[in-house]
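Visitor: Sequence and predicted structure below; questions after.
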Number of protein chains: 2
Amino acid sequence: MVTMRDVAELAGVSVATVSRVLSGARQVNGELAERVRDAQEQLGYRTNLLASGLRRQRTDTVGMVVPQVGNPYFSALMEAVGRRLQRVGKTVLLVDAEDDPAAEADGIHRLLDRSIDGLLAVPVDERASSAALTEAAAHVHLVQLDRAAAGVPADLVAVDHRAGIRAVVDHLVGLERRELAFVSAGPRDSTARERAKAFDEAVAATGCTAQPSRLGAYTVEWGRAAATALVDGGRLPAAVVCGNDLIALGVLAVLVEAGVQVPERVAVTGYDDIGFATLTRPTLTTVRQPIDELAAAAVGRLLHASSAEPAVPAVATDAPDPAVLAGVASPVDAAGAVDAAGAVDAADVPVAAQDAPTVQRFAPALIVRDSTPVGGPVAQRGDEVSL
Amino acid sequence: MVTMRDVAELAGVSVATVSRVLSGARQVNGELAERVRDAQEQLGYRTNLLASGLRRQRTDTVGMVVPQVGNPYFSALMEAVGRRLQRVGKTVLLVDAEDDPAAEADGIHRLLDRSIDGLLAVPVDERASSAALTEAAAHVHLVQLDRAAAGVPADLVAVDHRAGIRAVVDHLVGLERRELAFVSAGPRDSTARERAKAFDEAVAATGCTAQPSRLGAYTVEWGRAAATALVDGGRLPAAVVCGNDLIALGVLAVLVEAGVQVPERVAVTGYDDIGFATLTRPTLTTVRQPIDELAAAAVGRLLHASSAEPAVPAVATDAPDPAVLAGVASPVDAAGAVDAAGAVDAADVPVAAQDAPTVQRFAPALIVRDSTPVGGPVAQRGDEVSL
DNA sequence: ACCCTCTCGGAAAACGATTTCCGACAGAGA
DNA sequence: TCTCTGTCGGAAATCGTTTTCCGAGAGGGT
């Protein structure tokens, strides 16, 4: 391995000088600097980040944990975050939690052991992820993204799911679909819980009816299973509201296979607006989460923990033209999140920094496509498939 | 930060002893060991991987570079590799090349700077990726996965694309589809080049006809664009053979939108067998790459560079029931790969270790679904969607 | 001429682990 | 009893940087 010492010798200076030239930490004589840079070039020297990190006590590296790299919504999030961090010279260390809190905890520890100086986490489980994340928060600056784990003293950047689901239900009711079925994931993570609660509230508020919710997992398989049960049960609703796009794709596939007319007989909606939502027949009406804004906010919060002010959340901006939700993002719901916290075994999770973690929520946008009857808004198609 | 020193003091021993207890490097008195472990537990000590790596000159960490984390095929590969490496106690550092050789080179450097002790790479570009990879090979043990870059002195674990494409063409010809169109990515990476060449050969061998190949990128957008051109051009082929599933999904969507009957009027095939291939109407006939075998082989090669013998490549094993290709994997093609090497500017890429890198190729499997007429084999459906 | 302030290079002390080396002690064999 | 071997703990060197700290020399003001 070629070290700074080698460069120093070749350039005929001390290692201190080499370090100063390369890091620009202090002014050094122009000619010396020149010699150093030549030597570096010639030897192909690159600074050893292990040594550097050890000495500096920072690594310009942030960790990111996601529940499932295979889920296109998370891939998109990873890409957005990665781009932003790279732009400011930070490196991202990515960990796949494999949808398993144990693997997640393990991954988090491995990240911490590497002296990352920041952690971006999308918790797998609202409860089971708390311990590892709370511990992490004690060591590095932690920001929760998309989901929150209960009782973790860390900021959260997320989406206003109540608004998203409400928009879906309003849209369906506006199309005279008043018998709904909700297929989503069990209340394992905060998004699932919030969406389910929002659905119930929306049903109550609009006065339509709903079959008992079918809660499983955020997967295509669950969508298939639930739809199969619906079809076999014989009591088809007028619309199936799905907790995310993967579920919706599963539901759609089964319905179509079973010969159920979509959207004529049953309408279907998703959530996330993954690229594949435009590739089915019919294309899928869904709720687009403002991924870039989320990534920007999370990264911002991670970098300068300084600017404490929630810096008025941007409304979903670049939604091409589809019906953007009316309501501006509400920086509210700190209460709602604390609710979740309250639910956890308080003795179990030591509430470390009681500095009232801030919650920043962004408004999603309803994207109307063919899977809901084209009575009102015209269907959009093939906008921005990023995959 | 709690250091080994703290543990040593609390336990009343020297740091050397602590280190020995924790790493099990040498026998230590039972009672002392007990005290050390208690102290560790009590302080919540975890070893600092920066310091450890610096001293040991190895990190038990391997890097992995993929062209695009958003492509489901690569996500699947990442997951398979990650699971395998985790099992043997290694950590994976993941880098997204964003389909850009420059970003890829940058990422590779960042990995090297972290003293990884192995690198798994899926090169973005057969030519443009060579420099960075060749340099990487000089520093760490490198294994190329799925694709090869020209002139890089490193092993390759890949799939026999000639067999895959040939199987597709044979299948179509067997169904009396003799006018084909090939839509794929330009010969930027080795898989695209190999598939294109294989297609031409297969057409020649079977005596069917083909429109001029349409080469773009491995994306849904390109599939859409190419299909649009096909439809607008008015000369529809009997079947469209696509270079990967993303392209095929794009083609499928456009054809169906345009009212072209699939598969009755035009059959469509993909390549990769990503989970979404079962979610379209019709479901997509495709070529499944044996991801687990690939991952296992690559990881194996990375770990014990020792077992030089190619260890007879496994035939695709757990393919549920679909028509598995006849031919067993050919450990051949070292010649083919060197071909690629020969193509590059020899003066540019210093051929470091001329130990004849080995090439290991696995047999893919044809998966017949609804997008090809169900004359012969019965269509499979909804087998193993992993997303 | 004298002193004071800057500027800038190098020696050396960290950072937190691992690993050699050394010395102490115990037990065995003669 | 004496030596010889073997086991095991601790002191210290080391990994490759960064960052004090120190000292030398230059230049300016009185």
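Guide: Sure, I can see it. Numbering: from 1, shown residues only, chains lettered A, B, ... in the order given.

Visitor: Please identify which residue in the stretch 251-387 of chain A comes closest to DNA strand D.
Guide: residue A:303 (18.4 Å; CB to the nearest atom of the strand). (Glycine included, C-beta is placed from N, CA and C.)

Visitor: who are the neighbours in contact with that residue?
Guide: Residues in contact with residue A:303 (CB atoms under 8 Å, 6 or more residues apart in numbering or on different chains) are A:88, A:90, A:118.

Visitor: For those residues, which entry has the maximal number of neighbours?
Guide: Within these, residue A:118 tops the neighbour count with 24 neighbours, counted by other CB atoms under 10 Å in any protein chain shown.

Visitor: For that residue, give me phi and psi.
Guide: Backbone torsions for residue A:118, taken as degrees, to the nearest 10, come to phi -180, psi 150.

Visitor: Give the helix, strand or coil label for residue A:51.
Guide: Following DSSP: H, G, I helix; E, B strand; the rest coil, we place residue A:51 in the helix state.

Visitor: Next one: it relative to residue B:41, how far apart?
Guide: 30 Å (CB to CB, to the nearest Å).

Visitor: higher neighbour count, the two?
Guide: residue A:51 (16 against 10).

Visitor: which residues sit in contact with the nearest residue to that one once chain neighbours are set aside?
Guide: Distance criterion CB to CB, 6 or more residues apart in numbering or on different chains; nearest residue to residue A:51, sequence neighbours excluded, is residue B:54 at 5.5 Å. Residues near residue B:54 by CB under 8 Å, 6+ apart: A:48, A:50-51, A:54, B:115.

Visitor: give me that answer again for 6 Å
Guide: A:50-51, A:54 (CB atoms under 6 Å, 6 or more residues apart in numbering or on different chains).

Visitor: And it, what's its pLDDT?
Guide: For residue B:54, the pLDDT comes out at 97.

Visitor: Kindly report the same for residue A:191.
Guide: pLDDT, residue A:191: 97.

Visitor: ok, back up a step: so which of the contacts of residue B:54 reach DNA strand C?
Guide: A:51, A:54 (CB under 7 Å from any atom of the strand).

Visitor: Mind putting the contacts of residue B:54 into a markdown table with distance to residue A:374?
Guide: Below are the contacts of residue B:54 laid out as a markdown table (distance: CB to CB, whole Å):
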| residue | distance to residue A:374 |
| --- | --- |
| A:50 | 59 |
| A:51 | 62 |
| A:54 | 61 |
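
Visitor: of the contacts of residue B:54, closest to residue B:197?
Guide: residue A:50 (43.7 Å; CB to CB).

Visitor: Might one say that that closest one is in contact with residue B:113?
Guide: No. Between residue A:50 and residue B:113 there is no contact under CB atoms under 6 Å: 8.6 Å.

Visitor: of those two, who's got more company?
Guide: residue A:50 (23 against 15).

Visitor: Leaving out sequence neighbours, find the closest residue to the more buried one.
Guide: residue B:54 (4.5 Å).

Visitor: Likewise for residue A:133?
Guide: residue A:152 (4.5 Å).

Visitor: what sits against the one you found?
Guide: Here residue A:152 is in contact with A:130, A:133-134 (CB under 6 Å, 6+ apart).

Visitor: Relative to residue A:207, how far out is the residue nearest to residue A:209 when sequence neighbours are not counted?
Guide: Spatially, and ignoring its direct neighbours in sequence, residue A:209 is nearest to residue A:179 (5.4 Å; CB to CB, 6+ apart). Plainly put, residue A:179 is 12 Å away from residue A:207 if you go by CB to CB.

Visitor: out of these two, which sits in the busier spot?
Guide: Neighbour totals were compared for residue A:179 and residue A:207, and residue A:179 leads with 15 against 8 (other CB under 10 Å).

Visitor: dump the residue contacts of the more buried one.
Guide: Contacts of residue A:179 by CB under 6 Å, 6+ apart are A:209, A:237-238.

Visitor: Restricted to strands, list those residues.
Guide: Of those, the ones assigned to strands by DSSP state E are residue A:209.

Visitor: Go ahead and confirm residue A:111 touches residue A:63.
Guide: Yes. Using CB under 6 Å, residue A:111 is in contact with residue A:63, at 3.6 Å.

Visitor: any shared contact partners between those two?
Guide: Common contact partners of residue A:111 and residue A:63 (CB under 6 Å, 6+ apart): residue A:93.

Visitor: Given the helix or strand where residue A:241 lies, what are its sheet partners and their directions?
Guide: Assessed by DSSP states H and E, residue A:241 sits inside strand A:239-242. Partners of strand A:239-242 in the sheet, by DSSP bridges, are strand A:179-185 (parallel), strand A:267-269 (parallel).

Visitor: what about the residue in the stretch 51-200 of chain A positioned nearest to DNA strand C, which SS state?
Guide: Nearest residue of the stretch 51-200 of chain A to DNA strand C, counting by CB to the nearest atom of the strand: residue A:55, 3.4 Å away. Of the three states, residue A:55 takes helix according to three-state DSSP.

Visitor: Next one: it from residue A:115, what distance?
Guide: Residue A:55 is 11 Å from residue A:115, by CB to CB.

Visitor: And residue A:39, by the same measure?
Guide: 29 Å.

Visitor: Residue A:360 now?
Guide: From residue A:360 to residue A:115 the distance is 27 Å (CB to CB).

Visitor: so who does the residue in the stretch 101-250 of chain A positioned nearest to chain B touch?
Guide: Among the residues of the stretch 101-250 of chain A, residue A:113 lies nearest to chain B; the distance is 4.5 Å by CB to the nearest CB. Taking CB under 6 Å, 6+ apart, we find residue A:113 in contact with B:46, B:49.

Visitor: re earlier: list the buried residues of the strand holding residue A:241.
Guide: Under the neighbour-count criterion of 16 or more other CB atoms under 10 Å in any protein chain shown, strand A:239-242 has A:239-242 buried.

Visitor: can you tell if stretch A:86-97 touches DNA strand D?
Guide: No. Contact of stretch A:86-97 with DNA strand D (CB under 7 Å from any atom of the strand) is absent, the minimum separation being 13.5 Å.

Visitor: got it, and stretch A:43-59?
Guide: Yes. Stretch A:43-59 lies within reach of DNA strand D by CB under 7 Å from any atom of the strand, at A:45, A:47-48, A:51-52, A:54-56.
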